[in-house]
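Participant: starting from these lines, generate the structure:
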Amino acid sequence: MAAINNCDGPIVSESPLIPVIAGQRPVLLDPFAFHVVALNRPDVERSLIERISRREFTCVVVEQDPTTARGQAWYANVNLTQGVIDSVLRHYQLEQTIAGERFFRTAH
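Facilitator: Here you go, the predicted model:
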């Protein structure tokens, strides 16, 4: 709860529960469905990438370590997309990991 409250602004999260706990509307309800839709509708992926690039979110929360081979495979093939994760890694920095949730904050 403290990590979620420390985000202190809009959150995009692989788990829709995190923004709900923060009293926000989830940006993503199903990151797998997002991945599938993005395969056929690149504009959907591009929209989220642009929002992340603009640092629209205070925090981005993901469930796999995107710097490992396993995490990269997860995002390339299962949840979100490699493009979304690449944008997170470019514009945000890992702040902490709690209960397997990786909290990225805007990089300064």
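
Participant: any low-confidence regions in the protein?
Facilitator: 107-108 (pLDDT under 70).

Participant: for it, which helix is longest?
Facilitator: Under DSSP state H, the helix in the chain containing the largest number of residues is helix 42-53.

Participant: the residue most distant from the middle of the protein, which is it?
Facilitator: Of all residues in the chain, Asn40 sits farthest from the chain's C-alpha centroid, using C-alpha atoms, centre = their mean; the distance is 20.1 Å.

Participant: how far away is it from Ala3?
Facilitator: Separation of Asn40 from Ala3 (C-beta to C-beta, to the nearest Å) stands at 35 Å. C-beta here means a position set from N, CA and C on the backbone, and glycine is covered the same way.

Participant: same question, Arg55
Facilitator: In this structure, Arg55 and Ala3 are 19 Å apart, going by C-beta to C-beta.

Participant: look up the closest residue to Asp65, ignoring the ones flanking it.
Facilitator: Taking C-beta to C-beta, 6 or more residues apart in numbering as the measure, Asp65 lies nearest to Gly71, with 4.3 Å between them; neighbours along the chain are not counted.

Participant: so Ser15 touches Asn79, yeah?
Facilitator: No - taking contacts as C-beta atoms under 8 Å, Ser15 lies outside contact range of Asn79: 10.0 Å.

Participant: looking at the two now, which is surrounded by more residues?
Facilitator: Between Ser15 and Asn79, counting by other C-beta atoms under 10 Å, Asn79 is the more crowded of the two (20 against 16).

Participant: is that one in a helix, a strand, or coil?
Facilitator: At Asn79 the chain is in coil, as set by DSSP: H, G, I helix; E, B strand; the rest coil.

Participant: ok, it - contacts?
Facilitator: Taking C-beta atoms under 8 Å, 6 or more residues apart in numbering as the criterion, Asn79 is in contact with Glu14, Pro31, Phe32, Phe34, His35, Glu63, Gln64.
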